[in-house]
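Undergrad: Structural data only, the sequence is not supplied:
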Ligand SMILES: [Zn+2]
């Protein structure tokens, strides 16, 4: 397939429906055999004019489109808008300008903003699938770098507020797999355990430090604790994977004062997380786009879960 390097090229490429179709088909049905997303049957025919397939198995809702079964399914916007928008979201390292998106795609700024928001949201929980196998959970504080402040302010901060000017961040890492990182309101039991339950499959081997907030997870997980006051590693029981991630994260922040406003921190965390989760590969913008697209298509079930529980009501507009 033809690849391209810029947003402008992506817009021109996906203005042609056949190009949207060939890419979506390649990602959804790599063997070239179109299967009904409802029943898996290959007895389907393409209807040119309405641009849908029809399944002949005899169930209700026999017609399906390229968007059926993907996060784009319930949107009235076409792939000619969604695919370039995704390109922008995954490749724009300095954040997304909804003005730029709106101008380039020929949509209103409000629509552009919602599109970017929805794509980022879909990517943020990227991969959606619950973490399993061996999973580490840990938290850290980010921001409010004392050494970049004026001395008197620094002393006041250090002696006074402690970590209050920092933002608490939680990481959950599947060994050999992905990391999920989120800003959390505090390190209390409710916040930490909600994150664990959101991201980790029940029954998974879970390793944390001895923070009291993790007490009670043993009901649902094979939870083992490493008490850092005693030792850092006990066989498989450690959180060194996340310790490494935190040091990478903080090295990236080194020498820079990063605003502790959650909005800015979100962006930075998402960027670092996407980079970490795609480490070990020399990826160009096109690779990253294709990878992101493969992650957010074919995720219908988990997306429904999201739409039911976590999705902001406003994003239903787009
Ligand atoms: Zn079917």
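TA: Structure received. Note that the structure is predicted; figures quoted are calculated from it, not measured. Numbers count the residues shown, from 1 in each chain.
Undergrad: hey, where'd the helices end up in the stretch 51-200 of the chain?
TA: For the stretch 51-200 of the chain, helices defined by DSSP state H, counting those that start in this stretch occupy the ranges 79-91, 98-105, 109-124, 151-159, 189-199.
Undergrad: bridging residues for residue 170?
TA: For residue 170, the beta-bridge partners are residue 139, residue 182 (DSSP bridges).
Undergrad: Only the buried residues of stretch 41-50, if you could.
TA: Neighbour counts over stretch 41-50 (16 or more other Cβ atoms under 10 Å) mark residue 44 as buried. In this view, the C-beta of every residue, glycine as well, is placed from N, C-alpha and C.
Undergrad: so what's the residue of the stretch 51-200 of the chain found nearest the ion up against?
TA: Nearest to the ion in the stretch 51-200 of the chain, going by Cβ to the ion, is residue 55, at a distance of 3.2 Å. Contacts for residue 55 (Cβ atoms under 8 Å, 6 or more residues apart in numbering) come out as 36, 38-39, 41, 43-44, 62-64.
Undergrad: list the contacts for residue 137?
TA: With Cβ under 8 Å, 6+ apart, residue 137 has these contacts: 170-173, 192, 195-196, 200, 206-208, 214, 239, 242.
Undergrad: got the residues of the chain near the ion?
TA: 36, 38-39, 41, 55, 57 (Cβ under 5 Å from the ion).
Undergrad: Throw these into JSON lines and include pLDDT, thanks.
TA: Output for the residues of the chain next to the ion, formatted as JSON lines (pLDDT from 0 to 100):
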{"residue": "36", "pLDDT": "92"}
{"residue": "38", "pLDDT": "86"}
{"residue": "39", "pLDDT": "90"}
{"residue": "41", "pLDDT": "93"}
{"residue": "55", "pLDDT": "96"}
{"residue": "57", "pLDDT": "94"}
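Undergrad: Nearest to residue 74, out of those: which one, please.
TA: The nearest member of the residues of the chain next to the ion to residue 74, counting by Cβ to Cβ, is residue 38 at 15.6 Å.
Undergrad: Quick check: the closest one touching residue 61?
TA: Yes: the criterion here is Cβ atoms under 8 Å, and residue 38 meets it with residue 61 at 6.6 Å.
Undergrad: Which of those two has more residues huddled nearby?
TA: Taking other Cβ atoms under 10 Å, residue 38 and residue 61 do not tie; residue 38 has more neighbours (16 against 10).
Undergrad: one step back: partner residues bridging the residue of the stretch 51-200 of the chain closest to the ion?
TA: According to DSSP bridges, beta-bridge pairing links residue 55 with residue 44.
Undergrad: Against residue 48, how distant is it?
TA: To residue 48, residue 55 is 17 Å away according to Cβ to Cβ, to the nearest Å.
Undergrad: now do residue 237
TA: Remark: distance between residue 237 and residue 48 (Cβ to Cβ) = 59 Å.
Undergrad: likewise residue 186?
TA: For residue 186, the distance to residue 48 - Cβ to Cβ - is 56 Å.
Undergrad: Over to residue 28?
TA: Relative to residue 48, and taking Cβ to Cβ, residue 28 is found at 19 Å.
Undergrad: Now do the contacts for the residue lying closest to residue 101 once chain neighbours are set aside.
TA: Spatial nearest neighbour of residue 101, excluding adjacent residues (Cβ to Cβ, 6 or more residues apart in numbering): residue 112 at 3.8 Å. Contacts for residue 112 (Cβ under 8 Å, 6+ apart) come out as 85, 98-102, 105.
Undergrad: May I ask which of those residues has the most neighbours?
TA: Comparing the contacts of residue 112 by number of neighbours (other Cβ under 10 Å), residue 85 comes first, having 28 neighbours.
Undergrad: Now do residue 193 against residue 69, distance only.
TA: Taking Cβ to Cβ, one finds residue 193 at 32 Å from residue 69.
Undergrad: Tell me the pLDDT of the residue nearest to residue 101.
TA: On pLDDT, residue 112 comes in at 83.
Undergrad: Also residue 314?
TA: 39.
Undergrad: same thing with residue 235?
TA: 89.
Undergrad: Tell me how many other residues surround it.
TA: Neighbours of residue 235 (other Cβ under 10 Å): 7.
Undergrad: how about stretch 220-237: buried residues?
TA: 220-221, 223-226, 237.
Undergrad: no, scratch that, I was asking about stretch 74-85
TA: Quick answer for stretch 74-85 (16+ other Cβ under 10 Å): 75, 77-85.
Undergrad: chain center to that stretch: distance?
TA: Taking Cα atoms, centre = their mean, to the nearest Å, one finds stretch 74-85 lying 19 Å from the centre of the chain it belongs to.
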